[in-house]
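Peer 1: mind folding the following:
(one chain, ligands or ions: 2)
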Amino acid sequence: MFCYQCEQTTKGTGCTTKGVCGKTPETTMMQDLLTYSVKGLSCWAHWCKEQGVTVPPEIYTFIHAATFSCLTNVNFDDDRFKEYVATAHQLVDQLEAAARAAGKEGGPPSPADLPQFDLLAHPANWRLGQSFLADASVQQLVALGQMTSLEHRRHKIEPTLLGLQELLTYGLRGLCAYTQHAAMAGARNPEVDAFVAEAYAFLCSPDASDIGKTLGKILEVGETNLKAMALLDGAHTTKFGHPTPTAVRLAPKKGKAILVSGHDLEDLHQLLEQTEGTGVNVYTHGEMLPAFGYPGLNKYSHLAGNYGNAWYRQQKEFSEFPGPILMTTNCIIEPRQAYKNRIFTTNDVGWAGVSHVPGGPGQTKDFSALIKAAQDAQGFTSEPEDNGEPVKTVTTGFAHNAVLGVAGEVVKAVQEGNLKHIFLIGGCEGSEPDRRYFGQTADKTPDNTMILTLGCGKFRFYDHPDLQKNIPNTPLPRLVDMGQCNDAYSAIVVASKLAEAFGTDVNGLPLSLDLSWLEQKAVVVLLTLLHLGIKNIRIGPNPPAFLTPESLGVLVEKFNLQVVDAKNPDRDIEKMLANK
Ligand code: FS2
Ligand code: SF4
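Peer 2: Ligands and ions are numbered 1, 2, ... in the order given. As a prediction, this is how the structure comes out:
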């Protein structure tokens, strides 16, 4: 196997025997086979659209779901990948039949001489029959996956170009995560749908051998992701209202309990509806914490609090949680025996042997098994109030609407010299020691600065007492939790409005971006920021393994993209305060 799509990759170069995430060589090959199959389906979808043949929305929904399933820490279940592969090939048959029925002969371009497709036919021409797929073992499919794999391709393509092609692929994975979340909340954007198919078709064309064209397409991924994040933001705020600053309890309440992790607010919503009046409390975990900011979710009194921290601590935290757990999206890691029979997956999340709650966009899911598991479990038998202990809280819900509501105060504080700088410190969390840098940086920022945060990276510092205070001489909080990683959209809206207020562009603001990245959602958010022309962004703790020094050099030259100085947060803070 070979996989270098995420930051925690082995030795900073690539996972070759088993993923640090737990991904096996077999699952890696199944994902590579699925990606090849999705490329073929996308070539057909893009061609049909160009020919004026209607592409049903379900086809795009599938492309997005299958793409999301290959994101880090989402799906580790080979049987599910077999189903995805079968569906991809069946949908190509469906599109071909629709094209023929519309009188369109031929099919998408499929040049024979592209080095990455030397072992199997071009993806647009390569089809697995449903009868073969019905009988095929995972091992047979793994062997096919080997022929389509990154492990094979990387010896065929010059590393800088390969890295850029992979950057485009990983950007699509992040983008499709957000469109999938939006679809679950009832929103889609046909322009975004069509772009994803077009971008996959680009990867199957001779143009993908041109570094300049590939870089251009990569920035288009960033541009399209802005639309996807806006779509998701609109879906959330339409359904659940604009987030407002809300205190979140960080302690249990006595009683039966369910823990919900991941990003899917609609799953949480449906679960809250189905548990209402049952006596079961629902707790958020990891990226679900910002749910408390939404009036349409916070109105449920049995949304009891947040339990635990970021995803990478889940094995310990889930073992100790006295009830079932629902993983709605990434990041899942190998379930321990202690909770394997009480963790449930849904959406594109999967782990072999773990119960899965089915249901797609627009459907109501049946969470009764989860609720029964909660009723059968012990639940929490004590709470801090029993001993007169104080209950710790943090505040979330500072999305764009809430922050823009105090934009006048922000401008005033800057003009009066009380607010010197704004840091955006957020993104992903992970277990590597160098990630301490982000907590240290947050702690070391001066009192007269504001920290915007989002994503699970905030768990490094979200409850630090000094950051719970206000900026001296202002009514503004020092720490502003804007939400999940997708709420980078809120940060972009706020930065653009502040730039307008100060008569400058975002690069002219006293604002620095210090981003922790792990997986491909962070990759696509970075592409969006680069598309917007934002300079001096820092990422870390390590640079992406898939970018060679040459391709990183292009980004450094064009955007002054920097890697954090993980051992020296003071030096980074000094530079950021000088807008460097
Ligand atoms: Fe955190 Fe994991 Fe949000 Fe990332 S829960 S690192 O995939 O999506 O951020
Ligand atoms: Fe390794 Fe990350 Fe790939 Fe998992 S997703 S195999 S940790 S590079």
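Peer 1: tell me which residue of this protein is furthest from the middle?
Peer 2: Distance from the centre of the chain peaks at residue 103, with 40.3 Å (CA atoms, centre = their mean).
Peer 1: I'd assumed residue 207 was in contact with residue 114.
Peer 2: No - contact criterion CB atoms under 8 Å: residue 114 and residue 207 do not qualify, at 10.6 Å. All C-beta spots, glycine's among them, are computed from the backbone N, C-alpha and C.
Peer 1: so those two - more neighbours on which side?
Peer 2: Set residue 114 next to residue 207 and count neighbours by other CB atoms under 10 Å: residue 114 wins out with 18 against 14.
Peer 1: where do the strands sit along this structure?
Peer 2: Remark: strands assigned in the chain by DSSP state E are 246-249, 256-261, 280-284, 303-306, 325-327, 343-346, 355-357, 393-396, 421-427, 449-453, 479-481, 511-516, 538-540, 562-563.
Peer 1: dump the ones you listed into CSV; add distance to residue 229, mean neighbour count and mean pLDDT as well.
Peer 2: Below are those laid out as CSV (distance: least, CB to CB, whole Å; neighbours: other CB atoms under 10 Å; pLDDT from 0 to 100):
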stretch, distance to residue 229, mean neighbour count, mean pLDDT
strand 246-249, 22, 18, 98
strand 256-261, 21, 27, 98
strand 280-284, 21, 25, 98
strand 303-306, 23, 22, 98
strand 325-327, 22, 28, 98
strand 343-346, 22, 24, 98
strand 355-357, 26, 18, 98
strand 393-396, 18, 21, 97
strand 421-427, 14, 25, 98
strand 449-453, 15, 23, 98
strand 479-481, 17, 26, 98
strand 511-516, 15, 24, 98
strand 538-540, 18, 22, 97
strand 562-563, 23, 17, 96
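Peer 1: want to throw the ones you listed into CSV with distance to residue 271?
Peer 2: Converted to CSV, these look like this (distance: least, CB to CB, whole Å):
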stretch, distance to residue 271
strand 246-249, 17
strand 256-261, 6
strand 280-284, 6
strand 303-306, 10
strand 325-327, 7
strand 343-346, 10
strand 355-357, 10
strand 393-396, 19
strand 421-427, 26
strand 449-453, 26
strand 479-481, 22
strand 511-516, 29
strand 538-540, 34
strand 562-563, 40
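Peer 1: to ligand 1, which of those lies closest?
Peer 2: Among the strands of the chain, the nearest to ligand 1 by CB to the nearest ligand atom is strand 421-427 (6.8 Å).
Peer 1: hmm, the closest one in reach of ligand 1?
Peer 2: No - Strand 421-427 lies apart from ligand 1 when judged by CB under 6 Å from any ligand atom; the minimum separation is 6.8 Å.
Peer 1: gap between that strand and the chain center?
Peer 2: Mean-position distance between strand 421-427 and its chain equals 18 Å (CA atoms, centre = their mean, to the nearest Å).
Peer 1: close to ligand 2: what parts of this protein are there?
Peer 2: Contacts of the chain with ligand 2, taken as CB under 6 Å from any ligand atom, map to 3, 4, 5, 6, 8, 9, 15, 19, 20, 21, 23, 72.
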